[in-house]
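S.K.: could you work out the structure for the sequence below:
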Amino acid sequence: ETYRTVKNSLVQLGCPPGPDDCYLALRGLRTLGVRMKQHEKNGNLVARWLEQRPEVKRVMHPSLESHPQHDLWKRDFQGSSGLFGFQLVEGFSQKAVDAFIDGMSLFTIGFSWGGFESLILENKINSVRSVDKWKYGDGYGQTMRLHIGLEDTADLIKDLEEGFKRLHRVNEETRRN
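M.R.: Down below sits the predicted model:
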């Protein structure tokens, strides 16, 4: 019954997947559980590390006890992923934030959260909101979104540490000029 419904939808929409697409989807599904457990483990480790950083005002990951909706997450979910956001403290220049992101060696800039790679992106949420602007609150700076992949967390943390050094260095240079 489900097969016929899906098949009819694809025929009517004119976008059936090719055999290679189906093969890749089935191949990926076989290891999805194992990969998601590792994404969760890596994501939680990096999120907890970020909570300790003086440059970070807030980490937005519902599996963290500090998250305002943690109890809701505990009630409704059995696990988490490596996709979350964090906000810098106020006071970093845009040039410094750009240097933080652009100099990453393991994190790449991107939106695709389905892969195994770690990704980083500045999230300017108010540029896409049309009704109510998101109120960051006092002391909040730029917002970053991370997808923590399957790389070694020590390497990811080292990459972020180097990014925070660039953030400070370029911010100081910007202030002096």
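
S.K.: going forward, measure contacts and count neighbours with C-alpha atoms only.
M.R.: Will do.

S.K.: so what's the most centrally placed residue in the chain up against?
M.R.: For the chain, the residue whose C-alpha lies nearest the mean C-alpha position (Cα atoms, centre = their mean) is residue 146; its distance is 2.3 Å. By Cα atoms under 8 Å, 6 or more residues apart in numbering, the contact set of residue 146 is 82-85, 118-121.

S.K.: next, it: secondary structure please.
M.R.: Put simply, residue 146 is strand when judged by DSSP: H, G, I helix; E, B strand; the rest coil.

S.K.: and the longest helix along the chain, what's its mean pLDDT?
M.R.: In terms of residue count, the longest helix belonging to the chain (DSSP state H) is helix 153-176. In this model, helix 153-176 has a mean pLDDT of 96.

S.K.: how far out from the middle of the chain is it?
M.R.: Taking the mean C-alpha point of helix 153-176 and that of its whole chain, the gap between them comes to 18 Å (Cα atoms, centre = their mean, to the nearest Å).

S.K.: just want the phi and psi numbers for residue 119.
M.R.: Dihedral angles of residue 119 (phi, psi; degrees, to the nearest 10) stand at phi -130, psi 150.

S.K.: nice, that's everything, thank you.
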